[in-house]
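From the sequence below, what's the structure:
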Amino acid sequence: MRVMTQYKDEHATASVIEVSPDILGGTPVFKGTRVPITTLLDYLAAGDPLERFLDHFPTVNREQAVALLEEGFNATDKKKL
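Numbers count the residues shown, from 1 in each chain. Modelled structure (predicted):
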């Protein structure tokens, strides 16, 4: 079952990130938007709650943001930093 869970997690994250040379020169953005992934990380690093980011960037939905954060958490957890 672990393989299915891993596939599901990777598939979920892949579906929220888009990289295209036609969108912001290839900067990773939330799929279907022009909002860079790093913008969410910048908000959180500054101490802003997820709600503020979502209010400022309504083209990004909560599910996209949470899926991205969960994948980042899972990646760092596996490395046991």
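
Just the mean pLDDT for the longest helix seen in the chain, thanks.
Of all segments of type helix in the chain, defined using DSSP state H, the longest is helix 62-79. Averaged across helix 62-79, pLDDT comes to 85.

Ignoring the adjacent residues along the chain, who's closest to the residue nearest the centre of the chain?
Nearest residue to the geometric centre of the chain (Cα atoms, centre = their mean): Leu68, 2.9 Å. On the basis of Cβ to Cβ, 6 or more residues apart in numbering, the spatially nearest residue to Leu68 that is not a chain neighbour turns out to be Val16, at 5.5 Å. No exception for glycine: its C-beta is placed from N, CA and C like everyone else's.

before we move on, what about Ser20?
With Cβ to Cβ, 6+ apart as the measure, Gly26 is the residue that lies nearest to Ser20, at 6.7 Å, once sequence neighbours are left out.

quick one: the one you found and Thr59, what's the gap?
Remark: distance between Gly26 and Thr59 (Cβ to Cβ, to the nearest Å) = 19 Å.

now the strands for the chain?
If you assign secondary structure with DSSP state E, the strands in the chain sit at 17-18, 29-30.

Point out the most buried one among those strands.
Using mean count of other Cβ atoms under 10 Å, the stretch among these with the largest mean neighbour count is strand 29-30, at a mean of 22.

Can you give the contact residues for it?
Defining contact as Cβ atoms under 8 Å, 6 or more residues apart in numbering, one finds that strand 29-30 is touched by 16-19, 23, 35-37, 40, 59-60, 64-65, 68.

Kindly report the same for stretch 58-69.
Contact with stretch 58-69 is made by 12-13, 15-17, 30-35, 37, 40, 50, 53-54, as judged by Cβ under 8 Å, 6+ apart.

so what's Lys37 up against?
Residue 37: Ile, not Lys. By Cβ under 8 Å, 6+ apart, Ile37 lies in contact with 17, 28-30, 68.

and which of these is nearest to Leu44?
Comparing those against Leu44 with Cβ to Cβ picks out Leu68 as the nearest, at 10.7 Å.

What distance do you get for Thr59 to Pro36?
Spatial separation of Thr59 from Pro36 under the definition Cβ to Cβ is 12 Å.
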